[in-house]
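In: Can you look at this prediction? I've put the sequence above it.
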Amino acid sequence: MEVSSSTNAPAQTDGKDPMKKATEVQERQVLKILEGLEEQSKQTQQINAQKTGVGNNVNLLG
């Protein structure tokens, strides 16, 4: 009786390298974080503009 000692990894069902897939997932997560920070920054700028009375639309001729 022969015993196989194969160390081959199981075949990938989607054809992608696991490291590449993990990297893509991390990239998507980072992009979501950056988009959230950008939105938060816009909101902070609007709040500061309301508090100080200096906003995006400054009337210099008035």
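Out: It's in.
In: for the protein, what are the low-confidence residue spans?
Out: Scanning the chain for pLDDT under 70 picks out 1-14, 54-62.
In: all helices of it, in order?
Out: For the chain, helices defined by DSSP state H occupy the ranges 18-52.
In: Now for Glu27, how many residues are close by?
Out: 10 (other Cβ atoms under 10 Å). (Glycine included, C-beta is placed from N, CA and C.)
In: Correction: the previous question concerned Ala49.
Out: The number of residues packed near Ala49 is 14, by other Cβ under 10 Å.
In: what about it, distance to Asp17?
Out: 47 Å (Cβ to Cβ, to the nearest Å).
In: cool, and Glu35?
Out: With Cβ to Cβ as the criterion, Glu35 and Asp17 are 27 Å apart.
In: Same check on Leu37?
Out: For Leu37, the distance to Asp17 - Cβ to Cβ - is 30 Å.
In: Ok, Glu39 next?
Out: Counting by Cβ to Cβ, the gap from Glu39 to Asp17 is 33 Å.
In: again, but for Thr52
Out: Distance from Thr52 to Asp17, by Cβ to Cβ: 52 Å.
In: Check Ile47 too.
Out: Per Cβ to Cβ, Ile47 is found 45 Å from Asp17.
In: cool, Gln50 as well?
Out: To Asp17, Gln50 is 50 Å away according to Cβ to Cβ.
In: cool, Gln43 as well?
Out: In terms of Cβ to Cβ, Gln43 sits 39 Å off from Asp17.
In: next one: Gln29
Out: Distance of Gln29 to Asp17, given as Cβ to Cβ: 18 Å.
In: Gln26 now?
Out: For Gln26, the distance to Asp17 equals 14 Å [Cβ to Cβ].
In: same deal with Arg28?
Out: Using Cβ to Cβ, Arg28 is found at 17 Å from Asp17.
In: before we move on, what about Gly36?
Out: For Gly36 relative to Asp17 (Cβ to Cβ), the value is 29 Å.
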